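Colleague: sequence first, then the predicted structure, then my questions.
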Amino acid sequence: MFFIHKRFRMLYNMHMKIGIYGGTFDPVHMGHIFVARSVKQELGLDRVDFVVAADPPHKHSAERTPAALRFDMVCAALKRERGMRASDIEIRRGGVSYTVDTLREMKRLNKKAGLYFIVGADMLEDFPKWKNPKEILELATLVAVNRRGQERDIEALADGISAEFGGRVEIISAEGPDISSTEIRRRVQNAQTVERLVPLSAEMLLYEKRLYQPKSIEQLAERVSNVLDEYRMRHTMLTVREAVGLAQYHGLSTEKARLAALLHDCAKLGREETVQYAEKMGYALTNEERENPFLIHSRIGALLARDLYGVQDTEILNAIERHTVGCAEMTPFDEVIFLADKLEPSRDYRRIRDLRELAFRDLDRATIAVLRNTIEYTENKGMRIHPQTEITIAALEKRVKARLHGGD
């Protein structure tokens, strides 16, 4: 049985066409995915391997994300892509990796397959300066990806390379998203959303691992992570992601939203710790709060954010305090933090997709809907509903009604 399987695999490999797409992928983004899809379809490739660079000779950066994390992001991004996979052959080799070395190894692993090395068209000009360009073209077909309408600009370069070194150079025209990894890093650092620019699974990972954040946020996140467990810290960083997106869409401060989201659960302590801290701060607990300290972590969190983490901005402190059951005077900023906490991408419950869409259309209506969802969940669990929940809903419904009738 093994002999038949092995023989089939060998016959299949004889006819396989494999694309090799190398890069730092720091991070991988939808532009990379679009290029791979386009080349795969245009040339009828069986597979495209994203070769994650350890230390390519044409890029030097002290700020580069560790290779293992870049590889993990590519793996996450390609989970739902058919015929695409991440390769760590350069990472395992270590040190400086040249294209010719990678292609030699890929050829050794896929002896009978045809290899297609994918590059951006702008790299053709320097191709003659690469290490062993003639051998590269003996090992693989060079595939230059160009933007539509610019084909003539590189045809002469491609012809010159073929004439000088032999081999084939294919030109593929594509009209994908105009984005770069540099721009993605800049956007994350500046608290701008990268939704739909990076595959969601990879975007979630870059937030979970706290990549590309400014130093001040990195340091603060490190302090918070010393208090929260791994699960809660993951939720916190994904809340940051959601808060930035909602704040940007609704024209609010994304930097404030990032900070408020980062600290929103800073008091998510154990039951006894929460009660003890509340009493120490002179906070009078209701019976509901004593039975379920979860209800007060937001209020305690606002105190911690102010006294322990040095936040003085009232808007941020209010949003942290109000993110559990809200209040009658909720502002749009309060609602952004409230909703980001309930709708971040690792959350998965009935109607959440509809609620996420509603949050981008109408903050008031989305907050009401999420609170009603919370009431239903709480009742099903046989737990008491905090009276503030109904007060918040009533106030927001009144506000929505006033808007509909031209009241504001």
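Modeller: Arrived safely, thanks for sending. Numbering: from 1, shown residues only.
Colleague: from here on, contacts and neighbour counts on C-alpha atoms
Modeller: Noted.
Colleague: in a strand, Tyr116, correct?
Modeller: Yes. Assessed with DSSP: H, G, I helix; E, B strand; the rest coil, Tyr116 lies in a strand.
Colleague: wait, it touches Ile20, no?
Modeller: Yes. Contact criterion CA atoms under 8 Å: Tyr116 and Ile20 qualify, at 5.9 Å.
Colleague: so after the lengthiest helix in the chain, what's the next helix or strand?
Modeller: Across the chain, the longest stretch assigned as helix under DSSP state H is helix 230-249. Proceeding N to C from helix 230-249, the next assigned helix or strand is helix 254-263, under DSSP states H and E.
Colleague: list the helices and strands that following helix packs on?
Modeller: helix 215-225, helix 230-249, helix 314-321, helix 332-343 (3 or more CA pairs under 8 Å, 6 or more residues apart in numbering; DSSP states H and E).
Colleague: how far off centre is it?
Modeller: On the basis of CA atoms, centre = their mean, to the nearest Å, helix 254-263 sits 17 Å off its chain's mean C-alpha point.
Colleague: any chance of the helices and strands packed on helix 254-263 in TSV with distance to Ala76 as columns?
Modeller: Listed next are these as TSV, based on distance: least, CA to CA, whole Å:
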stretch	distance to Ala76
helix 215-225	23
helix 230-249	16
helix 314-321	31
helix 332-343	21
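Colleague: closest one to Gly120 among the ones you listed?
Modeller: Smallest distance to Gly120 across the helices and strands packed on helix 254-263 (CA to CA): 30.4 Å, for helix 230-249.
Colleague: now do the same end-to-end measure for stretch 240-256.
Modeller: Using CA to CA, to the nearest Å, the end-to-end distance of stretch 240-256 comes out at 10 Å.
Colleague: quick one: contacts of it?
Modeller: 190-193, 195, 204, 207, 257-259, 261-262, 316, 333, 336-337, 339-341, 343-345, 359-360 (CA atoms under 8 Å, 6 or more residues apart in numbering).
Colleague: average pLDDT across it?
Modeller: Mean per-residue pLDDT for stretch 240-256: 99.
Colleague: looks like Gly167 contacts Glu138 (just checking).
Modeller: Yes. Counting by CA under 8 Å, Gly167 touches Glu138, with 6.1 Å between them.
Colleague: could you give me the buried positions within the longest helix of the chain?
Modeller: 233-248 (16 or more other CA atoms under 10 Å).
Colleague: same thing with stretch 184-198?
Modeller: In stretch 184-198, counting by 16+ other CA under 10 Å, buried: Ile184, Arg185, Arg186, Val188, Gln189, Asn190, Ala191, Gln192, Thr193, Val194, Leu197, Val198.
Colleague: tell me the one among these nearest to Glu379.
Modeller: Thr193 (35.4 Å).
Colleague: in contact with that closest one, which residues?
Modeller: By CA under 8 Å, 6+ apart, Thr193 lies in contact with Arg187, Arg241, Val244, Gly245, Gln248.
Colleague: quick one: pLDDT of it?
Modeller: You'll see Thr193 listed with a pLDDT of 99.
Colleague: now Cys266
Modeller: With respect to pLDDT, Cys266 scores 95.
Colleague: what do you get for Ala76?
Modeller: You'll see Ala76 listed with a pLDDT of 99.
Colleague: double-check that Val311 belongs to a helix.
Modeller: No. Under three-state DSSP, Val311 sits outside any helix and is assigned coil.
Colleague: ok, the residue lying closest to it once chain neighbours are set aside - contacts?
Modeller: Closest residue in space to Val311, ignoring its immediate chain neighbours: Ala305 at 5.6 Å, by CA to CA, 6 or more residues apart in numbering. Ala305 makes contacts with Leu263, Cys266, Val311, Leu317, as judged by CA under 8 Å, 6+ apart.
Colleague: number of nearby residues for Lys215?
Modeller: Per other CA atoms under 10 Å, the neighbour tally for Lys215 reads 10.
Colleague: top of the contacts of Ala305 by neighbour count?
Modeller: In terms of neighbours by other CA under 10 Å, these top out with Cys266 at 27 neighbours.
Colleague: where does Gly22 fall, phi/psi-wise?
Modeller: Per-residue torsions, Gly22: phi -100, psi 150 (degrees, to the nearest 10).
Colleague: same check, this time on Gly120
Modeller: Backbone geometry at Gly120, expressed as degrees, to the nearest 10, gives phi -70, psi 150.
Colleague: how about it, what does it touch?
Modeller: Contacts of Gly120 by CA under 8 Å, 6+ apart are Ala144, Val145, Asn146.
Colleague: how about a cut-off of 6 Å?
Modeller: By CA atoms under 6 Å, 6 or more residues apart in numbering, the residues touching Gly120 are Ala144, Val145.
Colleague: roughly how far does it sit from Gly382?
Modeller: Counting by CA to CA - Gly120 and Gly382 are separated by 59 Å.
Colleague: and the end-to-end length of stretch 378-395?
Modeller: Start and end residues of stretch 378-395 are separated by 21 Å (CA to CA).
Colleague: turn the contacts of Thr193 into a markdown table, including distance to Leu157.
Modeller: Putting the contacts of Thr193 into a markdown table (distance: CA to CA, whole Å) gives the following:
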| residue | distance to Leu157 |
| --- | --- |
| Arg187 | 34 |
| Arg241 | 43 |
| Val244 | 44 |
| Gly245 | 42 |
| Gln248 | 43 |
